[in-house]
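Asks: Quick one, fold the following:
(one chain, ligands or ions: 1)
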Amino acid sequence: MSQLNIEIENAKSFIGDKFLPSFREELSNYHRMLVDKTGKGNDFLGWIDLPVATDADLINRINEDASWIQAVAEVFVVIGIGGSYLGSRAVIEALGNPFQSLLNRRVHPLIIFAGENLSEDYHANLLELLDHKNYAVAVISKSGTTTEPAVAFRLIKQHLENKYGKEEASKRIFAITDERRGALKNLADSEGYVSYVIPNDVGGRYSVLTPVGLLPIAVAGFDIQALMDGARQMREVALHSSDYEQNPCALYAAVRNILYRNGKFIEILVAYEPNLLYFIEWWKQLYGESEGKENKGIFPAGVTFTSDLHSMGQYIQEGTRTLFETVISVEQPARTLQIPDDSENLDGLNFISGKRLSEVNRMAEFGTMLAHVDGGVPNIRISIPAINENALGQLIYFFEFSCALSGYALGINPFDQPGVEAYKKNMFALLGKPGYQKETEALLKRLNQSG
Ligand code: PA5
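Replies: Numbering: from 1, shown residues only. The predicted structure follows:
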């Protein structure tokens, strides 16, 4: 059963009464294309069945490796970029304590991400830290050829081998990559690393429920079976019907596309829990890379409130009216904190003394929603009961399925990313990679002209 609830009352006045009913049939076609696997990119639909096709042996193996890593390492470095790190980071940060790195009573390794940028300072600082930490590494790349993680892995592999010797280092490296192809696959085979496979038919940004996401999440101490169970529950709902009333994915995909067709080109995903910051980043990648094609697509932006009400709030309230908001609302916090009474009341806050902080946060959410709706910003509200593994599994699958439907509504292939190649080609040419000589000359000429 789905514990996720979607409310569109505050988007309705922006889409008119007739649009949702008239979109029903169109949407049911997209739903059929997805379920029957007849739409664009249908060779990349393996993610649809992951929650039911992932066998218990794989989950056990991941949990066993995670226990071993927990026993030998105080830091687990996860090397990957895009879909090869955002999903695990989203879940780990959502479930974790933001002050974990400072806690002495930490029981599980601290997860540190690398290879998701090319910063010399970041990686030099990391290597310096690793001089003093007992650590293990996951290197994750579906293609096995992505520059950022490959560079980071070369640096960290050398560090690890110098620190522990080649044999022990090999035991501390976990490679997650394609079953057959790529430089990482070759390296893993020749060095004898423990390896996990990213299924052929699952693209990077849909891979959080494969070992890509599951191993780091398990090492961080979270329950990956509960995460998969949540995804399975949402899968049942998503596949069962394309009716708005029964399928929140269908409703979300329909409303956001109708808004887009009515000039709302930017969707802001909003959370009132700072722990969801990386969930927003994961969502931005999922939707940005899936939909932004052929000069079309809703631009995915994200904010965490109330912090960003003091930076982006002004624009959202009164700037260019091309925005809509989707709010992830969490019904129950995990902890309890009441605002104390103060007999002097010098700060004038006694009117909220005795209230829980979450109640104040909730009123901020409702107040903001009404203000933004009055300012011309439609609001979709997605609520989950709490931030836990089950709810996050549901939310992940909800957004994945909705994204696929939504991509079909835009008429694009939601499972490829041809545009990402353009920067890589230029970077390789500028770095003098063999085979790029002609491009190198042309680019240098352009840079010299602009310089
Ligand atoms: O969603 C995607 O396919 C991309 O964002 C990839 O995850 C990202 O480019 C990393 O690719 P790889 O895992 O091949 O290194």
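Asks: switch to C-alpha atoms for all contacts and neighbour counts from now on
Replies: OK.
Asks: which one's the longest helix in the protein?
Replies: Assignment by DSSP state H gives helix 9-35 as the longest helix of the chain.
Asks: anything in stretch 114-127 near the ligand?
Replies: No: if you take Cα under 6 Å from any ligand atom as the test, stretch 114-127 misses the ligand, and the best it gets is 9.0 Å.
Asks: Which elements pack onto the longest helix of the chain?
Replies: The contact analysis (3 or more Cα pairs under 8 Å, 6 or more residues apart in numbering; DSSP states H and E) places helix 9-35 against helix 248-261, strand 379-386, helix 389-410.
Asks: Where does the prediction get shaky in this protein?
Replies: In the predicted model, the chain carries pLDDT under 70 at residues 105-106, 450-451.
Asks: one more time with 80, if that's ok
Replies: Regions of the chain meeting the criterion pLDDT under 80 cover residues 1, 104-106, 450-451.
Asks: Let me see the domain layout of it.
Replies: According to automatic domain parsing, the chain comprises the domains 5-39+228-410, 47-222.
Asks: what's near enough to touch the residue of the stretch 351-451 of the chain found nearest the ligand?
Replies: Nearest residue of the stretch 351-451 of the chain to the ligand: Q417, at 6.8 Å (Cα to the nearest ligand atom). Listed by Cα atoms under 8 Å, 6 or more residues apart in numbering, the contact partners of Q417 are 289-290.
Asks: Could you pull out the strands in the protein for me?
Replies: Ranges of strands in the chain, per DSSP state E, are 5-7, 75-79, 110-114, 135-141, 173-177, 194-197, 266-271, 299-304, 323-332, 379-386.
Asks: what does this structure have sitting close to the ligand?
Replies: So far as Cα under 6 Å from any ligand atom goes, the chain lies against the ligand at 81-84, 141-144, 146, 203-205.
Asks: Go through those residues and single out the one with the most neighbours.
Replies: Compared across these, S141 has the highest neighbour count, 30 neighbours, by other Cα atoms under 10 Å.
Asks: The residue lying closest to it once chain neighbours are set aside and N29, how far apart?
Replies: In this structure, S141 finds its nearest non-sequential neighbour in T177, 5.2 Å apart by Cα to Cα, 6 or more residues apart in numbering. Plainly put, T177 is 34 Å away from N29 if you go by Cα to Cα, to the nearest Å.
Asks: between the two, which one's more packed in?
Replies: Shown here are T177 and N29; by other Cα under 10 Å, T177 has more neighbours (27 against 16).
Asks: What separation do you get for F299 and W283?
Replies: In terms of Cα to Cα, F299 sits 12 Å off from W283.
Asks: Likewise for F399?
Replies: 8 Å.
Asks: So which of those two has more stuff around it?
Replies: Neighbour comparison, F399 and W283: the larger count goes to W283, with 23 against 18 (by other Cα under 10 Å).
Asks: The strands of the chain into JSON lines, with extra columns for distance to G41?
Replies: What follows is the strands of the chain, written out as JSON lines (distance: least, Cα to Cα, whole Å):
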{"stretch": "strand 5-7", "distance to G41": "28"}
{"stretch": "strand 75-79", "distance to G41": "27"}
{"stretch": "strand 110-114", "distance to G41": "30"}
{"stretch": "strand 135-141", "distance to G41": "20"}
{"stretch": "strand 173-177", "distance to G41": "20"}
{"stretch": "strand 194-197", "distance to G41": "21"}
{"stretch": "strand 266-271", "distance to G41": "24"}
{"stretch": "strand 299-304", "distance to G41": "21"}
{"stretch": "strand 323-332", "distance to G41": "27"}
{"stretch": "strand 379-386", "distance to G41": "28"}
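Asks: Just say which of those is most tucked in.
Replies: Using mean count of other Cα atoms under 10 Å, the stretch among the strands of the chain with the largest mean neighbour count is strand 135-141, at a mean of 27.
Asks: If you compare the directions of it and strand 173-177, what angle comes out?
Replies: Between strand 135-141 and strand 173-177, the angle comes out at 10 degrees (axes from the mean of the first three to the mean of the last three Cα atoms, to 10 degrees).
Asks: So what's the residue count around E344?
Replies: That count, for E344 with other Cα under 10 Å as the rule, works out to 8.
Asks: and if you look at K185?
Replies: 25.
Asks: for it, what are its contacts?
Replies: 144, 175, 177-179.
Asks: Neighbours of P418, how many?
Replies: 9.
Asks: again with the one 10 residues further on
Replies: F428 is flanked by 17 other residues according to other Cα under 10 Å.
Asks: That one touches G435, doesn't it?
Replies: No: with contact defined as Cα atoms under 8 Å, F428 does not count as touching G435 (9.4 Å).
Asks: Could you pull up the residues touching the residue nearest to S141?
Replies: 140-144, 184-185, 195-198.
Asks: and if you look at N361?
Replies: Applying Cα under 8 Å, 6+ apart, we find N361 in contact with 272, 306.
Asks: where's it relative to N275, distance?
Replies: 14 Å.
Asks: And G367, by the same measure?
Replies: Applying Cα to Cα to G367 and N275 gives a distance of 21 Å.
Asks: The two: which is more packed in?
Replies: N275 (20 against 11).
Asks: if you skip the residues just before and after it, what's nearest to that one?
Replies: A94 (4.6 Å).
Asks: Near that neighbour, how many residues? Count them for me, please.
Replies: 21.
Asks: for V360, same thing?
Replies: Number of residues near V360 (other Cα under 10 Å) recorded here: 13.
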